[in-house]
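Participant: coordinates only, no sequence provided:
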């Protein structure tokens, strides 16, 4: 059973100004240039809390984390941020354009009881790295809040929750605004038949952790530390994590590809990778046409996506041209435990080729990016020795992998677009409201 709860969210008041100038992306997709721009947009922008700037005179006790904690308190004391009077669920309608089409995604913000990831109620799909968790824990230790939700997926095959959400969005939203060619509408759902049915349906199934593995594991670490420091009760707020819950059946649920590139390898190692690719995949080679690097790489990405509907497909770029990988040749019969993963070329490339040759050096020599056009440019400029244009992991395969308790390679999934930080904040002080 998953324990999903409403909560008294903290939101920007009218004193804060234009809501479109206050939100920011999650910390892990904010570039230094974007960070600086967000600071300029509004002195109340969420980037001050989600990813505060460092300063030359920072010390162990006076630094970006301590400033975030002080600023969070200041925003609440001044009324810029206000806490909801009643425990609520929050419905968010996110409208955006993708490949020339207007797309809509509906998600529910709620608090979910934290559990260790081996229990089976909250299902992860990828490994994490220590660095981001250290950073996020420092923010939580000074602010005692969830600023950015973890994204989880749930099954709604009979449409129970979708029917409720379709009814809600016919009503006037509590907040509505546009930001960066995207549109957001938020409804605050207090105690009603709506919320009771949503919570009942969600509690009967596992949640699939989609985006925010580092944030989830950091929340576990924060919870464990708080439990050591004080006498605690099951409904203490730090036992819960704010989550953004989206149905597998939502037509606006988009999972895009993470591409890969390798660099800094000596010729023998590079040759070993090429030999390994030939051993594992069938390979065709052709030369780029008379188009720009960006246009050609995009054509390769489109080809890979189209070819991927028939089976395995990877586009490989190197200084000699373009290579097409297909038809995985398994060295042995499929391992029953790893069988779902062996059907996806991304895992085969990572584990059977790159890790097979590079071992622990893989982290040092493999780069990840979203834009396929960066690949050809990087090859031409000599920054990359080889780039791999991947297709998105199919949602059906994603579900199968996760249900089997398997972990995908790093940067295997990219759920698009990210839900912004700043729509609702969850405090980790005090207690959480009992389920409705």
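Facilitator: Arrived safely, thanks for sending. All values derive from a computational prediction rather than experimental measurement.
Participant: relative to residue 204, how far out is residue 1?
Facilitator: According to C-beta to C-beta, to the nearest Å, residue 1 stands 7 Å off from residue 204. For every residue, glycine as well, the C-beta is placed using N, CA and C.
Participant: also residue 39?
Facilitator: 44 Å.
Participant: the two: who's more crowded?
Facilitator: residue 39 (16 against 10; other C-beta atoms under 10 Å).
Participant: and the helix or strand containing the more buried one, average pLDDT?
Facilitator: Here residue 39, judged by DSSP states H and E, is contained in helix 32-41. The average pLDDT within helix 32-41 is 94.
Participant: over to stretch 279-293?
Facilitator: 78.
Participant: may I see the buried residues of stretch 383-390?
Facilitator: Of the residues in stretch 383-390, 384-390 count as buried by neighbour count, 16 or more other C-beta atoms under 10 Å.
Participant: centre of the chain to it, how far?
Facilitator: A distance of 23 Å separates the centroid of the chain from that of stretch 383-390, by C-alpha atoms, centre = their mean, to the nearest Å.
Participant: have a look at this structure and report its longest helix.
Facilitator: For the chain, the longest helix by residue count, based on DSSP state H, is helix 213-229.
Participant: now do it: everything it contacts.
Facilitator: 28, 114, 116-117, 122, 124-129, 132-133, 136-137, 140-141, 146, 148, 150, 209, 232, 236, 238-239, 241, 428 (C-beta atoms under 8 Å, 6 or more residues apart in numbering).
Participant: can you flag the buried ones in the residues you listed?
Facilitator: For those, buried by 16+ other C-beta under 10 Å: 114, 117, 122, 124-126, 128, 132-133, 136-137, 140, 146, 148, 150, 209, 236, 238-239, 241, 428.
Participant: let's see which of those residues end up in helices.
Facilitator: 132-133, 136-137, 140.
Participant: residue 162: which of those is nearest?
Facilitator: residue 136 (32.1 Å; C-beta to C-beta).
Participant: and that closest one, what does it touch?
Facilitator: 27, 214-215, 218.
Participant: kindly report the same for residue 432.
Facilitator: By C-beta under 8 Å, 6+ apart, the contact list for residue 432 reads 5, 7, 111, 235-237, 239-240.
Participant: and the residues you listed, which is closest to residue 173?
Facilitator: residue 7 (19.0 Å).
Participant: now the closest one. Nearest residue, chain neighbours left out?
Facilitator: residue 111 (4.4 Å; C-beta to C-beta, 6 or more residues apart in numbering).
Participant: who does that neighbour form a beta bridge with?
Facilitator: residue 5, residue 242 (DSSP bridges).
Participant: any idea how far apart the tips of stretch 159-175 sit?
Facilitator: 26 Å (C-alpha to C-alpha, to the nearest Å).
Participant: columns distance to residue 286 and pLDDT on top of the ones in helices among the buried ones among the contacts of helix 213-229, output as CSV?
Facilitator: Below are those laid out as CSV (distance: C-beta to C-beta, whole Å; pLDDT from 0 to 100):
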residue, distance to residue 286, pLDDT
132, 40, 90
133, 44, 94
136, 45, 96
137, 49, 97
140, 51, 98
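Participant: now, among these, which is nearest to residue 107?
Facilitator: Nearest member of those to residue 107, counting by C-beta to C-beta, is residue 136, at 21.0 Å.
Participant: quick check: that closest one vs residue 65, distance?
Facilitator: Residue 136 is 10 Å from residue 65, where distance means C-beta to C-beta.
Participant: show me the helices in the stretch 51-200 of the chain, by range?
Facilitator: Per DSSP state H, counting those that start in this stretch, the stretch 51-200 of the chain carries helices over the ranges 64-77, 130-143, 160-168, 193-202.
Participant: and of those, who's closest to residue 272?
Facilitator: helix 130-143 (29.1 Å).
Participant: that closest one to helix 64-77, inter-axis angle?
Facilitator: Here the directions of helix 130-143 and helix 64-77 differ by 40 degrees (axes from the mean of the first three to the mean of the last three C-alpha atoms, to 10 degrees).
Participant: report the beta-bridge partner residues of the residue most central in space within the chain.
Facilitator: Central residue of the chain (C-alpha atoms, centre = their mean): residue 211, 2.9 Å from the mean position. When assigned by DSSP bridges, residue 211 has beta-bridge partners residue 151.
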